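Colleague: Compute the structure for the input listed below.
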Amino acid sequence: MSTPYHDRKIPAPKLNYGDETYFEAATLGKFLLKYCNDCGQYHHYPRALCPFCFSDKTEWKESKGTGTVYSYSVTRASGPTPYAIAYVTLDEGVTILTNIVDCDLDTIRIGQKVIVTFKPSEDGPGIPMFKLA
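Modeller: Residues are numbered from 1 along each chain as shown. This is a model prediction of the structure:
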């Protein structure tokens, strides 16, 4: 039996200092990552210092928004609406925790290509999530 995706209420995130740019861009349909100009590494979750070399020479760069499902789990029992949570490895090399949306949740597979999409939160910014490419 298939598990179709249904839109669900997404609470607005509690923003940490420095998150505003990330979520403002998401609301406009842009997916940003932090990039370190010293060591050349992308990183996520956004932070002021690079987690690889501790440099403060970081900047926002727009991501291609494409990646591959690394791992996932479909949650059916924790509420009225089933959903899929996943680790997605982006083409830039960063692995992020996200949701897979807009598909039959039983068709998700490790190694599948995904592309970013944006879902509105309740009274808050857009949230980057991924759909099957």
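
Colleague: any idea where the strands of the chain begin and end?
Modeller: Applying DSSP state E to the chain gives strands spanning 32-36, 42-43, 58-62, 66-75, 83-90, 95-100, 113-120, 126-132.

Colleague: Format those strands as TSV; extra columns: mean pLDDT, mean neighbour count and distance to residue 20.
Modeller: Placement of C-beta: from N, CA and C, glycine included. TSV is the format used below for those (pLDDT from 0 to 100; neighbours: other C-beta atoms under 10 Å; distance: least, C-beta to C-beta, whole Å):
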stretch	mean pLDDT	mean neighbour count	distance to residue 20
strand 32-36	97	21	11
strand 42-43	96	18	18
strand 58-62	97	13	11
strand 66-75	97	16	24
strand 83-90	97	19	21
strand 95-100	97	18	19
strand 113-120	97	17	16
strand 126-132	96	20	13
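
Colleague: Including distance to residue 14, could those strands go into a markdown table?
Modeller: As requested, these are exported to a markdown table (distance: least, C-beta to C-beta, whole Å):
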| stretch | distance to residue 14 |
| --- | --- |
| strand 32-36 | 19 |
| strand 42-43 | 20 |
| strand 58-62 | 20 |
| strand 66-75 | 21 |
| strand 83-90 | 18 |
| strand 95-100 | 16 |
| strand 113-120 | 17 |
| strand 126-132 | 13 |
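
Colleague: Looking at the ones you listed, spot the one closest to residue 107.
Modeller: Nearest to residue 107 among these is strand 126-132; the distance by C-beta to C-beta comes to 7.2 Å.

Colleague: Dump the closest one to CSV, restricted to CA.
Modeller: The C-alpha coordinates for strand 126-132 follow below in CSV (Å, rounded to 0.1, in the frame of the first residue of the first chain):
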residue,chain,number,x,y,z
GLY,A,126,10.0,29.3,3.6
ILE,A,127,11.7,26.0,4.5
PRO,A,128,14.0,24.2,2.0
MET,A,129,13.0,20.6,1.5
PHE,A,130,13.6,18.2,-1.3
LYS,A,131,11.6,16.3,-3.9
LEU,A,132,12.6,13.5,-6.2
